[in-house]
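Peer 1: This is the structure alone, sequence omitted:
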């Protein structure tokens, strides 16, 4: 069976630096971060006070919003933007049975869960919302998307912690390539600002306790000391190339490579030698049929934790060899924070924009060089780069690694 080419025809996003793709991209290009004191939860007793919250967000249907956890609201809005851009309409220009949905989350509806747990304890468990379960389960996002748009193909909620969004895009690419679907909506969504969730991350020493928003998420900087928790959603419409071309779709980029691996090392810490991440990157490059030197830009996982940034740098060096020092690498988490299961999807969206705009985002906030981290982290502002191939990496708790490679569309 001849394998299909897979292209991207729509993108959508909600994040701390903008509630749609154009506004988020403008912020990234200007090096503006979205960090501030957390406002949507009680900070009493919390070690962490700075976060990357979505600002000024209002779900378009207030009645429907009452039935959706915020992670699902973010996801629905990002999907709507991506589908509007793509022009996909089930039953019109594509058969409903040939459209699938691969959307995930790392934590799902934890805000609703914590609220209803408190409600049950304080007011009695008969007062717990009957919508609790369908608001917190992760697969409810792809379910709601399928219901709203009439997509009847295979749908699933992918969960691989902070690699979720990248794995959703990669698995969608694989499915279309094998002819299992014509169109797949892929991505991830997250809204983790629940006190117990923030405390859990803080108590494992994964998050920064910095109070200065300008020095909170500083990937690759010697003074980095933990990630800034964020929220939002990223969505992409992947489509089989020939049908996209036939219907006159505006093709943004092509997905050409995907790699995934497991460290089998530790529940939260990446493998120190970067072996798992390196294997994932190498697999993606091999599946794309290119060489490491062909990569024009890497959107790094770049969480601003001491170990992740060091080990990811080691992995890049292992894969790229002498070329490691010449490829631009940046972490958009320096502005969006770490949106957990949504991070990889957001970064895939930003990688598409890097290709279409010929510019790569900076690693914002970088001040103090680290002797062990000596690659080109784009620390001097957004840079003009002719991006033919963009790589995006994600590394998740449990040792899950994911890498996708996007290519400039050339017909």
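Peer 2: Perfect, I can see it now. Fair warning: this is a prediction, and the values are worked out from it, not measured in the lab.
Peer 1: on contacts alone, who are the packing partners of the biggest helix by length in the chain?
Peer 2: Looking across the chain with DSSP state H, the single longest helix is helix 70-86. Here helix 70-86 touches strand 6-14, helix 140-149, strand 183-190, strand 232-240, going by 3 or more Cβ pairs under 8 Å, 6 or more residues apart in numbering; DSSP states H and E. Where you see a C-beta, it was placed from the backbone N, CA and C, and this is true even at glycine.
Peer 1: Tell me where this structure has helices.
Peer 2: 21-30, 62-65, 70-86, 110-123, 132-136, 140-149, 164-177, 195-203, 241-246, 275-288, 306-320, 333-336, 343-357.
Peer 1: how about these, which one is nearest residue 214?
Peer 2: helix 333-336 (10.7 Å; Cβ to Cβ).
Peer 1: so how far is that closest one off the chain centroid?
Peer 2: 12 Å (Cα atoms, centre = their mean, to the nearest Å).
Peer 1: got a list of contacts for it?
Peer 2: Around helix 333-336, the neighbours that count as contacts under Cβ atoms under 8 Å, 6 or more residues apart in numbering are 15-17, 24, 27-28, 31-34, 52, 217-219, 227-228, 230, 232, 301-304, 343, 346, 361-366.
Peer 1: export the helices of the chain to TSV and tack on mean pLDDT and mean neighbour count?
Peer 2: TSV is the format used below for these (pLDDT from 0 to 100; neighbours: other Cβ atoms under 10 Å):
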stretch	mean pLDDT	mean neighbour count
helix 21-30	98	19
helix 62-65	96	11
helix 70-86	98	26
helix 110-123	97	16
helix 132-136	98	19
helix 140-149	98	21
helix 164-177	98	28
helix 195-203	96	16
helix 241-246	97	16
helix 275-288	97	22
helix 306-320	97	22
helix 333-336	98	30
helix 343-357	98	28
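Peer 1: closest to residue 8 out of these?
Peer 2: The nearest among the helices of the chain, by Cβ to Cβ, is helix 343-357 at 5.8 Å.
Peer 1: ranking the helices and strands packed on helix 70-86 by burial, who's on top?
Peer 2: strand 183-190 (a mean of 34; mean count of other Cβ atoms under 10 Å).
Peer 1: quick check: angle from that strand to helix 140-149?
Peer 2: 130 degrees (axes from the mean of the first three to the mean of the last three Cα atoms, to 10 degrees).
Peer 1: shift numbering so it begins at 856
Peer 2: Right, with 856 as the first residue, what we last looked at is strand 1038-1045.
Peer 1: Can you tell me the strand partners of strand 1038-1045 and which way each runs?
Peer 2: strand 954-959 (parallel), strand 1087-1095 (antiparallel) (DSSP bridges).
Peer 1: how about JSON lines for those, with distance to residue 865 added?
Peer 2: Formatted as JSON lines, the strands paired with strand 1038-1045 follow (distance: least, Cβ to Cβ, whole Å):
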{"stretch": "strand 954-959", "distance to residue 865": "12"}
{"stretch": "strand 1087-1095", "distance to residue 865": "4"}
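Peer 1: With mean pLDDT as added columns, please give the ones you listed in a markdown table.
Peer 2: Output for the strands paired with strand 1038-1045, formatted as a markdown table (pLDDT from 0 to 100):
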| stretch | mean pLDDT |
| --- | --- |
| strand 954-959 | 98 |
| strand 1087-1095 | 98 |
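Peer 1: Which one, of the helices of the chain, ends up nearest to residue 1244?
Peer 2: Residue 1244 lies closest to helix 1130-1143 among the helices of the chain, at 7.3 Å (Cβ to Cβ).
Peer 1: Quick one: residues in contact with the closest one.
Peer 2: By Cβ under 8 Å, 6+ apart, helix 1130-1143 touches 1111-1120, 1125-1126, 1146-1147, 1150, 1156, 1166-1167, 1169-1171, 1173-1174, 1244, 1246, 1248, 1250, 1254, 1256-1260, 1262.
Peer 1: one step back: just send the helices of the chain back as TSV, with distance to residue 900 too.
Peer 2: Shown next, in TSV, are these (distance: least, Cβ to Cβ, whole Å):
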stretch	distance to residue 900
helix 876-885	32
helix 917-920	29
helix 925-941	23
helix 965-978	15
helix 987-991	24
helix 995-1004	31
helix 1019-1032	29
helix 1050-1058	8
helix 1096-1101	52
helix 1130-1143	35
helix 1161-1175	25
helix 1188-1191	26
helix 1198-1212	27
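Peer 1: Out of those, which gets nearest to residue 902?
Peer 2: That would be helix 1050-1058 among the helices of the chain, by Cβ to Cβ, at 4.4 Å.
Peer 1: And the closest one, what does it pack against?
Peer 2: Contacts defined by 3+ Cβ pairs under 8 Å, 6+ apart place helix 1050-1058 against helix 965-978.
Peer 1: Tell me which other helices or strands the helix it packs on touches.
Peer 2: Counting contacts by 3+ Cβ pairs under 8 Å, 6+ apart, helix 965-978 packs against helix 987-991, helix 1050-1058.
Peer 1: Can I get these in CSV including distance to residue 862?
Peer 2: Listed next are the helices and strands packed on helix 965-978 as CSV, based on distance: least, Cβ to Cβ, whole Å:
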stretch, distance to residue 862
helix 987-991, 33
helix 1050-1058, 36
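Peer 1: Nearest to residue 1233, out of those helices?
Peer 2: helix 1050-1058 (27.0 Å).
Peer 1: What about residue 902, how many residues nearby?
Peer 2: Counted by other Cβ atoms under 10 Å, the residues lying close to residue 902 total 14.
Peer 1: returning to what we had before: now the helices and strands packed on helix 925-941 as a markdown table including distance to residue 1134?
Peer 2: Shown next, in a markdown table, are those (distance: least, Cβ to Cβ, whole Å):
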| stretch | distance to residue 1134 |
| --- | --- |
| strand 861-869 | 22 |
| helix 995-1004 | 28 |
| strand 1038-1045 | 22 |
| strand 1087-1095 | 24 |
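Peer 1: How is the chain divided into domains?
Peer 2: 861-1101, 1111-1262 (automatic domain parsing).
Peer 1: for residue 876, what are its contacts?
Peer 2: Counting by Cβ under 8 Å, 6+ apart, the residues that residue 876 touches are 866-868, 936, 1204, 1208.
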